Structure formats: C-alpha cells, structure tokens
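Novice: Have a look; sequence and predicted model below, questions after that.
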Amino acid sequence: MTGRDRLALALILTFGLALRCFHLTSEFLDAHAWRQLDTVAMARNFDEGSFIPFDPRVDWGGANGYLEAEFPLIPGLVAAGYRIFGGHEVIGRLIVIAFSLALIWAVYRLAIAVDGRASVARGAAFLMAISPAAVFFGRIVIPDTPMMFFMVLALIGYVEFARSDSTRWLAIAVGSLTLACLLKLPAVFLGPAILTAPRRASICPWQRPPTICGPPVVPDRRGPEGPTIDPTLQGDWRGEPTL
C-alpha cells in the first residue's frame, strides 16, 4: 500500500466516522430501540453483578432475568467500558462505531485480496462508508455490524489462505467465522461464498478447471518435434492422469 492509498483510506475512514457520530450522545430512542435497550441492560447487569458471559440477564426477565441470547460479545465489551470509564451510554455507541470503521477497512482489504486494484478497493470502502444502512447500523448498539465485520474478515482469511496456504490466515478465517455465527446465526449463509473462495486444486480438488479441447499437451523435451501429448496424462479427456 502506497502513501497515497493510505491517505485515501484514512480520509474515507474519517468521513465514515463523521457520519456515524451524528447524535452520538442521544438516548436509545431511535429505531430498534428495544434491541439496543436489551443489549445495554445485559451490559449493566454484567457490570453490576456477575461478569460471566454465559449468563446474560435483562431487566424484564423476572427475578434473575436470565434469557437465551446470542454470544454476548457486545454487552461484555460495553460492560468492560462501564467498569473502566463509568456507566456512560455513549460507550456502547463508540464500540459499535469502532466495529463499523473496522468493517470499512475490511471491505477495502477484501477488495484488494480479490481484485488487487487500489482504485476498486477505495470505491468499495467509500460505498460502505456512506451507505445509509451501514451508517445507521454502524452507530446503534446491536451486534449486526460486528457480525458483518467478522464475516468479511473470514472471507479475507479464506481468500488469502487459498492463495498462500498460510495457517495464520486459516486461523483468522475460522475464528472470525465462528465469532460471526455466535453473534448472529445468519452468518452461516457465508458458507457458499467460502466454498467458492479457494481456487487451487491442492486445496479444493473438486474445483479443478475442466479441460475443454482434449488431453493436456506439453512440450516434448526429448527432441525438436514440437509439442506432444504427455503419456503420463493420457486416459480420459478430463485431464486426469492414468497411472
């Protein structure tokens, strides 16, 4: 990434941040208010009571308020912010905005991994930065934006793993997809996109490109006769060797 590309990405992130800071300190009275209130209620109960992430509680759930919910990553982060900085409602919005900015970067990085052109990556990141839906959900305290970030990060990991066989990228992909599915179950629909990401035959033999016009033809190194059919690759016309 050149200095010009870094500057362009920084400007896109800054513009996206400015859009998401609209009514930053407002109360949770906008759309999806009940979902935001449940999230901050779980965070407050974590802060005031047990900080066990597998026992989320809400205020309307009875004596103890335990409920079945997705993995409470966002309530846990908000509760940690409450313990460090105090019970300020803006903490929840700032955490989601941070994930939203990370999503813009992830879209940029995915475009680089898939297409390779910085101009395409800048365009993709800019569209994510100014998208009305991305701006709205990038500032309300629900787990949708973090789920999207981990989904895109999983795609980046699988694409880079298919390219380089790097176990580090594979671990990033698996961990990110796991977190995305724990945050919101619809992340499982990322599966078809992941199956199409690896292209190399060593990773996905079933995706080997078909031979269109017959068995492979390779140069004959034994003489000047020109190209001949490699005898080790004869068999059927799908390019599968006969041993």
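Specialist: In hand now; what should we look at? None of these values were measured; they are calculated from a predicted model. Residues are numbered from 1 along each chain as shown.

Novice: just the strands in the chain please.
Specialist: Ranges of strands in the chain, per DSSP state E, are 217-219, 227-229.

Novice: rank these by pLDDT, which is bottom?
Specialist: Of all these, strand 217-219 carries the lowest average pLDDT, namely a mean of 47.

Novice: OK, contacts around His88?
Specialist: Residues in contact with His88, defined by Cβ atoms under 8 Å, 6 or more residues apart in numbering, are 81-82. To be clear about C-beta, it is placed using only N, CA and C from the backbone, and glycine gets the same treatment.

Novice: How about Ala134?
Specialist: 100, 103, 128, 145.

Novice: let's go with 7 Å and repeat that
Specialist: Ala134 makes contacts with 100, 128, as judged by Cβ atoms under 7 Å, 6 or more residues apart in numbering.

Novice: and if you look at the one 5 residues further on?
Specialist: If you count contacts by Cβ under 7 Å, 6+ apart, Arg139 has them with 20, 93, 96-97.

Novice: 10 Å instead?
Specialist: Contact partners of Arg139, counting by Cβ atoms under 10 Å, 6 or more residues apart in numbering, are 19-24, 26, 30, 92-94, 96-97, 100, 145.

Novice: Taking these, please make a PyMOL selection of just the buried ones.
Specialist: The PyMOL selection below is limited to those of the contacts of Arg139 classed as buried (16 or more other Cβ atoms under 10 Å):
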select buried, resi 19+20+92+93+94+96+97+100+145
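
Novice: Burial check on the closest residue to Thr25 other than its chain neighbours, number of neighbours?
Specialist: Nearest residue to Thr25, sequence neighbours excluded (Cβ to Cβ, 6 or more residues apart in numbering): Val90, at 5.3 Å. Look at Val90: counted by other Cβ atoms under 10 Å, it has 13 neighbours.

Novice: I'd like the distance between Val90 and Ala31.
Specialist: Going from Val90 to Ala31 by Cβ to Cβ, to the nearest Å gives 18 Å.

Novice: Next: Leu94.
Specialist: Leu94 sits 19 Å away from Ala31 when distances are taken as Cβ to Cβ.

Novice: State the distance from Leu170 to Ala187.
Specialist: Taking Cβ to Cβ, one finds Leu170 at 18 Å from Ala187.

Novice: ok, the spatially most central residue of the chain - contacts?
Specialist: By Cα atoms, centre = their mean, the chain has its centre lying nearest to Val152, at 2.2 Å. Taking Cβ under 10 Å, 6+ apart, we find Val152 in contact with 102-110, 128, 176, 180, 190.

Novice: for these, which one is nearest Gln36?
Specialist: Leu103 (18.5 Å; Cβ to Cβ).

Novice: Quick check: the gap between the nearest residue to that closest one once chain neighbours are set aside and Ile84.
Specialist: Spatially, and ignoring its direct neighbours in sequence, Leu103 is nearest to Phe149 (4.3 Å; Cβ to Cβ, 6+ apart). Distance, Phe149 to Ile84, by Cβ to Cβ: 22 Å.

Novice: between those two, who's got more neighbours?
Specialist: Counted by other Cβ under 10 Å, Phe149 and Ile84 do not tie: Phe149 has more neighbours, with 25 against 8.

Novice: Contact partners for that one?
Specialist: Phe149 makes contacts with 98-107, 138, 176, 179-180, 183, as judged by Cβ under 10 Å, 6+ apart.

Novice: Could you chop the chain up by domain?
Specialist: As given by automatic domain parsing, the domain ranges for the chain are 3-146, 147-203, 210-243.

Novice: what distance separates the start and the end of the longest one?
Specialist: Right, the one you point to is domain 3-146. End-to-end distance for domain 3-146: 28 Å, by Cα to Cα, to the nearest Å.

Novice: Gln36: neighbouring residues, count only.
Specialist: The number of residues packed near Gln36 is 21, by other Cβ under 10 Å.
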